[in-house]
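# Here's a sequence, model it:
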Amino acid sequence: MLLEAFSKLVQRYFNKKDSLLCAHNGKEFDYPFIGRRMLVHGLSIPPILDLAGKKPWEVKLLDTMELWKFGDYKNFTSLTLLAFVFDIATPKDDIDGSMVCKVYWEEKNMERIITYCQKDVLTVAQILLRMQGKELIKPEQVVIA
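Okay, the predicted model is just below:
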């Protein structure tokens, strides 16, 4: 099952004290969605996603949308907009998150979803690097495993 594989991956690679997970709008969607689906399927939540009893400074989940807000409470800023602002290629050149369900259930095209997710992850990493004033990842440095 995909959730079990994800849980094993997270526990293997993000189990150190200084480990962080980063997503765009992850605190509003990705992290809660994954946690809830794990509970529904009777899986243990990996420690990095288990927020029960943690103080805010103990939570190791970054969110580029939250970072972009700089503490304000205004509306949503899309990953596409931040990619444009920072002159980074958009991952939404084929499909976006709203289309994943259709592509999965109707087209049964998992490869298309995988490609979309890989581009999404790279874009989030590039945006985080740009926000930190660091060099972007060069195409030849990208390894897809």
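# what separates the residue lying farthest from the centre of the chain from residue 91, distance-wise?
Distance from the centre of the chain peaks at residue 106, with 24.3 Å (Cα atoms, centre = their mean). From residue 106 over to residue 91 the distance is 21 Å, taken as Cβ to Cβ, to the nearest Å. Every C-beta, even on glycine, is put in place using the N, C-alpha and C of the backbone.
# per the record, what domains does the protein have?
Structural domains annotated on the chain: 1-70, 78-145, as defined by automatic domain parsing.
# Output those in JSON lines; the columns should cover mean pLDDT.
Output for the domains of the chain, formatted as JSON lines (pLDDT from 0 to 100):
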{"stretch": "domain 1-70", "mean pLDDT": "93"}
{"stretch": "domain 78-145", "mean pLDDT": "92"}
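# residues contacting the residue farthest from the centre of the chain?
By Cβ atoms under 8 Å, 6 or more residues apart in numbering, the contact set of residue 106 is empty.
# got it, and the one 4 residues further on?
For residue 110, the contacting residues are residue 104, by Cβ under 8 Å, 6+ apart.
# Let me know the helix or strand that the closest residue to residue 142 other than its chain neighbours is in.
Among residues not flanking residue 142 along the chain, residue 122 sits closest, at 6.4 Å (Cβ to Cβ, 6 or more residues apart in numbering). If you go by DSSP states H and E, residue 122 is part of helix 110-131.
# Mind jotting down where the helices sit in the protein?
Along the chain, counting by DSSP state H, helices occupy 2-13, 31-40, 64-69, 79-85, 100-105, 110-131.
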